[in-house]
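In: structure of the sequence below:
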Amino acid sequence: MAREKTGKPWRWPRLLLLTDPARQPDPEKAIAEAPRGAGVIFRAYGDRPGPARLRALGRMAARKDILLLVAGDDRAARGLGVGGLHLPQYRLKYPSTEHMFHPARRGKPGLVITAAAHDERAIIAAARAGADAVLISPVFPTESHPGAQTLGPIRYARLATLAREKGMAAFALGGMTQARARRLSGAAMAGIAGISLLR
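Out: Here you go, the predicted model:
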């Protein structure tokens, strides 16, 4: 994973919290409410946060040892205080032989990259794009996409195993609760991710 190249000991957070334009739009609030050592993915689609705000968010995150990632914005992800970039599945188009280099890592080799993945093709594309981890979804029914087809524990386990074989950590996203996380305890799961977990 990217952080290992810096020589600093580092482990994935067990919990990744995502902001959402409708349900949790405020990254400052997300960081404030997140437990120490968690991760926060600022989904700033259309927001284009400036350097000053990113630095302020980075300082907030650093005080709680929180990994801060910005979604879908390579420029913002390279900003001071930001630890990584999150790629929506439609952004998984960067060719590479083995997972190592994404254009966003130019000048910031320790940048962590996560990606959304809903199927096997996306897992493989994420590895080729240089992702360090994938958020596999939707595992269970979720408020964000009511009525959407879910993966369920068995299909999630298969995708998570494939991700691990490709050298990536796997996070379960979609309708996650503590009870549901226990149902996935035998899978190759680095942690869980979600929006409503912020509440």
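In: can you report phi and psi for Glu120?
Out: With angles defined as degrees, to the nearest 10, Glu120 sits at phi -60, psi -40.
In: ok, now the one 10 residues further on?
Out: Geometry field for Gly130 lists phi and psi as phi 90, psi 20, criterion degrees, to the nearest 10.
In: just Leu87 next, same as before
Out: Residue torsions, per degrees, to the nearest 10, at Leu87 are phi -100, psi 120.
In: got it, and Leu173?
Out: phi -130, psi 140.
In: try Ala190
Out: According to degrees, to the nearest 10, Ala190 has phi -80, psi -30.
In: what's near enough to touch it?
Out: Shown in contact with Ala190 (CB atoms under 8 Å, 6 or more residues apart in numbering): 12, 14, 133, 169-171. Every residue, glycine included, has its C-beta placed from N, CA and C.
In: try it again at 7 Å.
Out: Going by CB atoms under 7 Å, 6 or more residues apart in numbering, Ala190 touches 12, 133, 169-171.
In: not counting sequence-adjacent ones, nearest residue to it?
Out: Spatial nearest neighbour of Ala190, chain neighbours left out: Ala169 (3.8 Å); criterion: CB to CB, 6 or more residues apart in numbering.
In: run a quick neighbour tally on the one you found.
Out: When neighbours are counted by other CB atoms under 10 Å, Ala169 registers 21.
In: repeat for Gly174
Out: For Gly174, using other CB under 10 Å, the count is 25.
In: pretty sure it contacts Phe140?
Out: Yes: applying CB atoms under 7 Å as the test, Gly174 and Phe140 come out as touching, 5.5 Å apart.
In: okay, and the common contacts of these two?
Out: Thr150.
In: need the worst-confidence member of the contacts of Ala190.
Out: Among the contacts of Ala190, Trp12 carries the lowest pLDDT, at 93.
In: how close does Ala187 get to Glu28?
Out: To Glu28, Ala187 is 33 Å away according to CB to CB, to the nearest Å.
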